[in-house]
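Asks: Requesting a structural model of the entry that follows:
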Amino acid sequence: MPIDPRSSHGPHARTPHAGATSGTASGDPVAALPGVIGESPLMREVFRTTRQVASSRACVLIVGETGTGKELIARAVHDLSPRSTGPYVRVNCGALTESLLESELFGHVKGSFTGAVDNRTGRFEAAHAGSIFLDEINSTSPKLQVKLLRVLQEGEFERVGDNNTKKIDTRIVAATNRDLLDEIEVGRFREDLYYRLNVVPILLPALRDRRDDVELLVLSFLKRYAEQNRREMRRVHPEAMRKLRDHDWPGNVRELQNYVERAVILGDGPEMRVEHLPPQLRGETSPRPIRHRAAATSDFDSLTSELVRQGIRNAGPTATDLHDRVVGQVERELIQQVLQTCDRVQIKAAARLGINRNTLHKKLSEYRIDENQPGTAPNGDGDGGDDARSGEPSPPDDES
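Replies: Below is the predicted model of the structure:
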């Protein structure tokens, strides 16, 4: 049976824009927040913490991957607080250079720098008696972090180029998609600022850690975009829903939202089917018309984490050979690429890999690399001349 939002959750099914249920009005501390969809235990904990902290004056630090909904939680903190009638100001700290961000946050006076043709009120002043949301707080420079620390401690600052101190009463909500403790260790974030911000942390789970919420999200987005685009698609085929639930969602809810919108626009009929999903969800290779160098665009640790996660998922829950499947495959690819860069001369490849030549010989045999490589001598050293020219016997295998 196709999955239909009109029947799956009865007459009180969620609207596209609000994840709230009737529990909101009754004061349920774990009731969903406006605009936030989820019923998993992890999200219920987020709702509970958000409602508890909203009524206080404490700073809030929202931690979560890109696309998990940090801004929705920040807005909820403001809307549920006594400051809800005051201004809510959002600043993306990662979108501006240091000098522009300083002026944006604290304002400037006329003539303080080239282009400052008039006095300008900063975002902190604009948020007086309200809340300011500092997204990507990890992107701020050490200089700005000092000024932010003073605002948190004293509630005061000076505009750029001014000596007059401004006093403000503003609630600060910050968000980061990085582990700030890691940033502290490498010297990119001030420890004292971290402890000032981290009064009440709200940890937003990745979508892959709350797969039970995928169906709720899909049906909500499906209803929203079908109405917006005047399409009749209202149901989801069970196989399509299974693939959506099993996907790892590196882009989290935002990625899921985009895929549902695309399926509604490009699909036909009343039901979302597997063929309406993007290639990567169907187990196919996604076309990449523009290739970027991975080293320049991706964090190596994130790539490694994603690779291992994908390997475990592909192996299935009953697999007992995960080491061979994941580590073995990576090792084979590494040896092949290093051999290629060393013109398939094994003594050079072994040196680059940092292993004994005999160990490399064993790996080549184990992974059946170079068995049919044209022009490879029996000893596997390219033209067979490298070991002969060295005039040295192979050292004993000390890495087995």
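Asks: hmm, who's touching stretch 126-141?
Replies: Contacts to stretch 126-141, defined as CB atoms under 8 Å, 6 or more residues apart in numbering, come from residues 61, 70-71, 74-75, 77-78, 81, 83, 86-95, 98, 101, 123-124, 148, 168-178, 180, 183, 188-189, 197. For every residue, glycine as well, the C-beta is placed using N, CA and C.
Asks: do that again at 7 Å, thanks
Replies: When contacts are defined by CB atoms under 7 Å, 6 or more residues apart in numbering, stretch 126-141 is touched by residues 70-71, 74, 78, 83, 86-94, 98, 123-124, 148, 168-178, 180, 183, 189, 197.
Asks: Can you list which of the residues you listed are found in helices?
Replies: Mapping the contacts of stretch 126-141 onto helices (DSSP state H) picks out 70-71, 74, 78, 98, 123-124, 148, 180, 183, 197.
Asks: Quickly check the residues you listed for the two that are furthest apart.
Replies: The largest separation in the ones in helices among the contacts of stretch 126-141, counting by CB to CB, is between His78 and Glu98 at 26.6 Å.
Asks: Which one's more surrounded, the two?
Replies: Counted by other CB atoms under 10 Å, His78 and Glu98 do not tie: His78 has more neighbours, with 23 against 14.
Asks: Contacts only, for that one.
Replies: Going by CB under 7 Å, 6+ apart, His78 touches 84, 88, 131.
Asks: State the number of residues packed around Glu136.
Replies: The number of residues packed around Glu136, counting by other CB under 10 Å, is 18.
Asks: repeat for Cys93
Replies: Counted by other CB under 10 Å, the residues lying close to Cys93 total 22.
Asks: what's the distance between it and Phe189?
Replies: To Phe189, Cys93 is 12 Å away according to CB to CB, to the nearest Å.
Asks: got any ranges where the stretch 251-400 of the chain has weak pLDDT?
Replies: 285-299, 370-400 (pLDDT under 70).
Asks: those helices in it, which residues are they?
Replies: Taking DSSP state H, counting those that start in this stretch as the criterion, the stretch 251-400 of the chain contains helices spanning 252-266, 294-297, 300-315, 322, 329-341, 346-353, 357-366, 386-390.
Asks: buried set for the longest one?
Replies: Buried residues in helix 300-315, counted by 16 or more other CB atoms under 10 Å: Gly311.
Asks: Helix or strand next in line after it, which one?
Replies: In the C-terminal direction, the helix or strand that comes right after helix 300-315 (DSSP states H and E) is helix 322.
Asks: Off-centre distance for that next one?
Replies: With CA atoms, centre = their mean, to the nearest Å as the basis, the distance from the averaged C-alpha position of helix 322 to the chain average is 25 Å.
Asks: re the thing from before, buried among the contacts of stretch 126-141? Make that a ChimeraX selection.
Replies: Provided next is the ChimeraX selection string for whichever of the contacts of stretch 126-141 are buried by 16+ other CB under 10 Å:
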select :70,71,74,78,83,86,88,89,90,91,93,123,124,148,168,170,171,172,173,174,175,176,177,178,180,183,189,197
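Asks: Could you give me the buried positions within stretch 157-164?
Replies: Of the residues in stretch 157-164, 157, 159-160, 162 count as buried by neighbour count, 16+ other CB under 10 Å.
Asks: Output those as a markdown table; include the columns pLDDT, secondary structure and distance to Gly115.
Replies: Converted to a markdown table, those look like this (pLDDT from 0 to 100; DSSP: H, G, I helix; E, B strand; the rest coil; distance: CB to CB, whole Å):
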| residue | pLDDT | secondary structure | distance to Gly115 |
| --- | --- | --- | --- |
| Phe157 | 92 | strand | 21 |
| Arg159 | 91 | coil | 15 |
| Val160 | 90 | strand | 12 |
| Asp162 | 89 | coil | 16 |
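Asks: Quick one: the helices in the stretch 1-150 of the chain, in order.
Replies: 5-8, 41-54, 70-79, 98-106, 123-126, 142-154.
Asks: just checking, what packs against the fourth one?
Replies: Read that as helix 98-106. When contacts are defined as 3 or more CB pairs under 7 Å, 6 or more residues apart in numbering; DSSP states H and E, helix 98-106 sits against helix 123-126, helix 142-154.
Asks: Any idea which of the ones you listed gets closest to Glu65?
Replies: Judged by CB to CB, the one of the helices and strands packed on helix 98-106 that comes nearest to Glu65 is helix 142-154, at 22.6 Å.
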